[in-house]
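Novice: Make a model of this:
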Amino acid sequence: MQVAENVKKDLSLSPRIMELRKKINDENYINSAVDRIAVIMSRHIVDSQGVTGNGVDFLLRR
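Specialist: Next up is the predicted model:
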């Protein structure tokens, strides 16, 4: 019985995992997250000149 097994597995997961599962299935949440990432990366590109002078050095750092 697949449904019963999934419910049993979900009950053993932490509330945080359950919350994150809901969020990754929410299209608005994902769109908002992608927008936030784009803004942060854009700021780094614009503000950074770095060694190469092309503003993407933050992507090369380890």
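
Novice: got any ranges where this protein has weak pLDDT?
Specialist: With pLDDT under 70 as the threshold, the chain has low-confidence stretches at 1-10, 49-62.

Novice: Can you report how many residues neighbour residue 33?
Specialist: Using other Cβ atoms under 10 Å, residue 33 has 13 neighbouring residues. Just so you know, the C-beta spots here come from the backbone N, C-alpha and C atoms, and that holds for glycine as well.

Novice: Quickly note the distance from it to residue 41.
Specialist: Distance of residue 33 to residue 41, given as Cβ to Cβ, to the nearest Å: 13 Å.

Novice: for this protein, what spans make up the helices?
Specialist: 2-11, 15-24, 27-47, 57-60 (DSSP state H).

Novice: residues contacting residue 28?
Specialist: If a contact means Cβ atoms under 8 Å, 6 or more residues apart in numbering, then residue 28 has no contacts.

Novice: Residue 34 versus that one, what's the distance?
Specialist: Computed with Cβ to Cβ, the distance linking residue 28 and residue 34 is 11 Å.

Novice: count of neighbours near residue 38?
Specialist: The local packing of residue 38 (other Cβ under 10 Å) involves 10 other residues.

Novice: Show the contacting residues for residue 14.
Specialist: With Cβ under 8 Å, 6+ apart as the criterion, no residue contacts residue 14.
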